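Asker: Curious how this folds, go ahead:
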Amino acid sequence: MDTQQKDRFLSEIYESQRLVELIENSADELTRRFIREIRASDDTPKYHTWDEDELYRRAYNVYSQLGKWISRETTKADIAKHYMALGAQRREEGFLLSEVVEALAMTRRFLWRKVLSEGLLDTVLDLTQALKLNHRVILFFDRAIYYTVMGYEKGK
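Answerer: Down below sits the predicted model:
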């Protein structure tokens, strides 16, 4: 790898990390927005009455640990184990599967909205890094949704 390639590679890592840190550092704001939206949505009635502190804890854990979840060190098996258990737990708690899937989809949408709202996509490099991050986030959430559904269907 020549110096120019190395510099570009390091710049890409920095830019991607910067976006992850933006999301993790905005975990409280994202979580509060998530709670407002999920409690207002007609598609998620069980969440309207669920304990707000518990909702906060659950959403905050995803946002504040995004880097861990989308890192290359987190395996498909790690995601499967966690989200199958989550699916089984939500079933036991009486949530409809459609509500659980909508909650995960809302969590993902707020991530991208945050990146867009920060005006960090001014250059082609910024946009490229955001799209790479978005791809990793989508892959993570696709897996999370799939394993949540599996866990929900199988129960405990």
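Asker: My read is that Tyr47 contacts Arg39, right?
Answerer: Yes: the criterion here is Cβ atoms under 8 Å, and Tyr47 meets it with Arg39 at 6.0 Å. Any C-beta I mention is one placed from the backbone N, CA and C, and that applies to glycine too.
Asker: what about those two, which has more around it?
Answerer: Tyr47 (22 against 15; other Cβ atoms under 10 Å).
Asker: what residues are up against the closest residue to the more buried one other than its chain neighbours?
Answerer: The spatial neighbour of Tyr47 that comes closest, neighbours along the chain excluded (Cβ to Cβ, 6 or more residues apart in numbering), is Ile38 at 4.6 Å. The contact partners of Ile38, by Cβ atoms under 8 Å, 6 or more residues apart in numbering, come to 44, 47, 55, 102-103, 106.
Asker: List the buried residues of the helix or strand containing Ile38.
Answerer: Taking DSSP states H and E as the criterion, Ile38 maps to helix 27-40. Using 16 or more other Cβ atoms under 10 Å as the test for burial, helix 27-40 gives 27, 30-31, 33-35, 37-38.
Asker: The lengthiest helix in the chain: which residues count as buried?
Answerer: Taking DSSP state H as the criterion, the chain has its longest helix at helix 124-154. Within helix 124-154, the residues that count as buried by 16+ other Cβ under 10 Å are 126, 129-130, 133, 136-137, 140-141, 143-145, 147-149, 151-152.
Asker: for the chain, which spans come out with low pLDDT?
Answerer: 1-16, 119-127, 156 (pLDDT under 70).
Asker: Just give the closest residue to the spatially most central residue of it, not the sequence neighbours.
Answerer: Taking Cα atoms, centre = their mean, the centroid of the chain lies closest to Arg108, which sits 4.7 Å from it. Excluding its sequence neighbours, the residue lying closest to Arg108 (Cβ to Cβ, 6+ apart) is Phe141, at 4.5 Å.
Asker: List the residues that contact that neighbour.
Answerer: 104-105, 107-108.
Asker: tell me which of these is nearest to Ser71?
Answerer: Nearest to Ser71 among the contacts of Phe141, counting by Cβ to Cβ, is Arg108 at 16.8 Å.
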